[in-house]
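Q: structure, please.
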Amino acid sequence: MGPVRSFQLAGTTQAQQSLRFEAEDVTGPKNAWQTNRLSENKWNLWSTDKDAAKKWSGGAVLQSPQVMKERDKPEEGAPPLRTIVRKLRPGQYFVEIGGVGRPLAISLDGKNWRKIEGSSRNLGLLDVGKGGFELWVDDRYASATNPGSSYYDYLVFTPLPNPNRKPKVKGFAETRIEEPLGRGVLAMPMDGGRIYVGWRLLKGDPEDIAFDVYRRANGAPSQKLNQAPLAKTTNFLDENPVAGVRNEYLVVPVAAGKTGKPSEIAAAVPSEQGKNYLSFKLNGDHTFQKCGIADLNGDGVYDYVIKQPGDNIDPYEKYWKPSPETYKIEAYQADGTFLWRYDMGWAIEQGISDTDSEKKSNVRWLFDCRGNILRDDLDWGFGLRTIWWDADLQRELLRGSRVLKYGSDKDLGTVEGSAVGFADVLGDWREEVIVSKAGELRIYSTTIPASDRRVCLMQDPIYRLDVCLQAMGYTQCPMTTQCLSDE
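A: Model prediction:
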């Protein structure tokens, strides 16, 4: 047997060591082929092809006789080949056959045959036992459009990563660093003079935790609004707030008959029209393009770091023009307090973007919460945006300024401005929309009462990382570690 060639597949967190075997080194019988001689009844070990060293692995390939029509029996044409690979550890491997263009017949047991072509040369995930791997190859199938010789060049085995294998971690990274989040209490005025109150369920909360909601207004003592501790959801609808004044709310956890630490305070003034967003003024009348979400001062409340202005200049030579100004990074606390500004300078050109050269929208697919395709004709432009907004586990559509339930034209909410981020930054587990308007940052949130409670999505490491990525590239909707509907 010839030498085993190994190489790594790049682009993976842990590069997988793949093994390549030349067909002629692991295949027999040897009398089934001749060297550099094409015939009607034997394979040809071909190495004199023009640029063979570039075209074929190892500079040689097993070439079949010309197959001008389907063969009825394996004995017709060249004899079947049998490949045996012993130098493999038992396990599961992704297996690929190299050199396949025209149809080739393969079998894993020497009895049951199937046809593969260039588009199906990946055999998929296969089990390899202690005896190694065996494969039979034959030249019985003809190409319908371009009949001729078939080719068998090499085999590549890529081991399936061991799910129990973890890299050795040393130092500070031995323990995952997590943000110390507070309750994220949110108070939003609703129509009819009501106020919606929402807060976080945290990963470290005991299973039997419940909550009491307190309101304070007009200098009066705090008043508990619920009769029994709230255990089903982490939101509350105050039907009778004190009209015309600032109403302050806090929640107190209750577990095992004991009360815990009161939350931070959130406040709202009742109104007949309602208002589904919080906002603060920027230090200038600019818009912004990106928004990073982080606790900048360690108080358990998310703050915001923006990249401004929101303008883009297409770098394509026919569109490009000099940037009118530089990009700046600005930091704001959750209450709108301006912290600092960093000018990135002229080395950072405004606008690294691309465009569809056909000037057409891209077709997108829409799936339900279980992965079933609902529609495949959503010609709504690049990056269909979805958010958890109502009380169920199916994300809603953010189309322009409207939050829509799929299949319905009913508005579940409206959003003004340019959406630059989506994340569970306040209230219960549903998501907020971070919006840029001239001189203003807005945070839109749902006021639809929930039907259950869930741990804050920002404590899911995959979701949290996706939120971070929104500040680095195209804004995409963050994903959770597990599908919420399957929990």
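
Q: which parts of the chain are helices?
A: With DSSP state H as the criterion, the chain has helices at 23-26, 52-55, 461-469.

Q: any chance of those in a markdown table with distance to G184 as columns?
A: Quick note: C-beta positions are derived from backbone N, CA and C, even for glycine. Shown next, in a markdown table, are these (distance: least, C-beta to C-beta, whole Å):
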| stretch | distance to G184 |
| --- | --- |
| helix 23-26 | 60 |
| helix 52-55 | 60 |
| helix 461-469 | 14 |
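
Q: just name the most buried of these.
A: Sort the helices of the chain by mean neighbour count, taking mean count of other C-beta atoms under 10 Å, and helix 23-26 sits at the top with a mean of 22.

Q: any idea how far that helix is from the chain center?
A: Distance of helix 23-26 from the chain centroid (C-alpha atoms, centre = their mean, to the nearest Å) equals 40 Å.

Q: need the CA coordinates for that helix. PDB is fine.
A: Taking Å, rounded to 0.1, in the frame of the first residue of the first chain, the C-alpha atoms of helix 23-26 are listed here in PDB:
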ATOM      1  CA  ALA A  23      -7.300   4.600  -5.700                       C
ATOM      2  CA  GLU A  24      -4.400   2.600  -7.300                       C
ATOM      3  CA  ASP A  25      -2.800   2.100  -3.800                       C
ATOM      4  CA  VAL A  26      -5.800   0.500  -2.100                       C
END
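
Q: relative to R341, how far out is the residue nearest to W346 when sequence neighbours are not counted?
A: Nearest in space to W346, with sequence neighbours left out and distances taken as C-beta to C-beta, 6 or more residues apart in numbering, is T326 at 5.9 Å. Remark: distance between T326 and R341 (C-beta to C-beta, to the nearest Å) = 11 Å.

Q: what is in contact with the two at once?
A: Counting by C-beta atoms under 8 Å, 6 or more residues apart in numbering, no residue touches both T326 and R341.

Q: and the strands in the stretch 1-150 of the chain?
A: For the stretch 1-150 of the chain, the strands defined by DSSP state E, counting those that start in this stretch occupy 5-9, 16-22, 27-28, 33-35, 43-46, 61-63, 81-85, 91-98, 104-107, 113-116, 122-128, 133-138.

Q: now the stretch 301-450 of the chain
A: Taking DSSP E, counting those that start in this stretch to define them, one finds strands in the stretch 301-450 of the chain at 303-308, 328-332, 338-343, 364-367, 373-378, 385-387, 396-399, 402-404, 411-414, 418-423, 432-437, 440-444.

Q: rank the helices of the chain by mean pLDDT and give me the bottom one.
A: The weakest mean pLDDT among the helices of the chain belongs to helix 52-55, with a mean of 88.

Q: how far out from the middle of the chain is that one?
A: Taking the mean of its C-alpha atoms, helix 52-55 sits 39 Å from the chain's own mean (C-alpha atoms, centre = their mean).

Q: please apply the same query to stretch 440-454.
A: Using C-alpha atoms, centre = their mean, the mean C-alpha position of stretch 440-454 is found 22 Å from that of the whole chain.

Q: show me where pLDDT drops low in the stretch 101-250 of the chain?
A: 119-120, 162-166 (pLDDT under 70).

Q: number of residues surrounding A438?
A: By the criterion of other C-beta atoms under 10 Å, A438 has 13 neighbours.

Q: one more: G284?
A: Count around G284 with other C-beta under 10 Å applied: 14.

Q: and it, what is it in contact with?
A: 308, 439.

Q: confidence score at it?
A: For G284, the predicted pLDDT is 96.

Q: pull up the gap between it and T480, please.
A: Taking C-beta to C-beta, one finds G284 at 36 Å from T480.

Q: could you export the strands of the stretch 301-450 of the chain to JSON lines, including columns for distance to S263?
A: Formatted as JSON lines, those follow (distance: least, C-beta to C-beta, whole Å):
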{"stretch": "strand 303-308", "distance to S263": "18"}
{"stretch": "strand 328-332", "distance to S263": "22"}
{"stretch": "strand 338-343", "distance to S263": "24"}
{"stretch": "strand 364-367", "distance to S263": "36"}
{"stretch": "strand 373-378", "distance to S263": "38"}
{"stretch": "strand 385-387", "distance to S263": "24"}
{"stretch": "strand 396-399", "distance to S263": "27"}
{"stretch": "strand 402-404", "distance to S263": "27"}
{"stretch": "strand 411-414", "distance to S263": "25"}
{"stretch": "strand 418-423", "distance to S263": "20"}
{"stretch": "strand 432-437", "distance to S263": "18"}
{"stretch": "strand 440-444", "distance to S263": "18"}
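
Q: got JSON lines for those strands, with mean neighbour count and mean pLDDT too?
A: Formatted as JSON lines, those follow (neighbours: other C-beta atoms under 10 Å; pLDDT from 0 to 100):
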{"stretch": "strand 303-308", "mean neighbour count": "21", "mean pLDDT": "95"}
{"stretch": "strand 328-332", "mean neighbour count": "19", "mean pLDDT": "95"}
{"stretch": "strand 338-343", "mean neighbour count": "12", "mean pLDDT": "94"}
{"stretch": "strand 364-367", "mean neighbour count": "15", "mean pLDDT": "51"}
{"stretch": "strand 373-378", "mean neighbour count": "12", "mean pLDDT": "53"}
{"stretch": "strand 385-387", "mean neighbour count": "21", "mean pLDDT": "92"}
{"stretch": "strand 396-399", "mean neighbour count": "21", "mean pLDDT": "92"}
{"stretch": "strand 402-404", "mean neighbour count": "19", "mean pLDDT": "93"}
{"stretch": "strand 411-414", "mean neighbour count": "16", "mean pLDDT": "90"}
{"stretch": "strand 418-423", "mean neighbour count": "21", "mean pLDDT": "95"}
{"stretch": "strand 432-437", "mean neighbour count": "23", "mean pLDDT": "97"}
{"stretch": "strand 440-444", "mean neighbour count": "22", "mean pLDDT": "98"}
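
Q: identify whichever of those lies nearest to Q289.
A: Of all the strands of the stretch 301-450 of the chain, strand 303-308 sits nearest to Q289, with 5.2 Å by C-beta to C-beta.

Q: which strands and helices sit next to that closest one?
A: Taking 3 or more C-beta pairs under 8 Å, 6 or more residues apart in numbering; DSSP states H and E as contact, the helices and strands that strand 303-308 lies on are strand 290-294, strand 328-332.

Q: now those in TSV, with distance to W43?
A: Formatted as TSV, the helices and strands packed on strand 303-308 follow (distance: least, C-beta to C-beta, whole Å):
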stretch	distance to W43
strand 290-294	59
strand 328-332	64
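
Q: out of these, which gets nearest to P229?
A: It is, among these and with distance given as C-beta to C-beta, strand 290-294, at 30.4 Å.

Q: buried stuff in the closest one?
A: Neighbour-count burial for strand 290-294 flags 290-293 (criterion: 16 or more other C-beta atoms under 10 Å).

Q: any idea which of the strands of the stretch 1-150 of the chain gets closest to P309?
A: Here strand 5-9 is closest among the strands of the stretch 1-150 of the chain (C-beta to C-beta), at 41.2 Å.

Q: quick one: contacts for the closest residue to S143 other than its chain neighbours?
A: In this structure, S143 finds its nearest non-sequential neighbour in R102, 4.5 Å apart by C-beta to C-beta, 6+ apart. R102 makes contact with 67, 117, 142-143, 146-151 under the criterion C-beta under 8 Å, 6+ apart.
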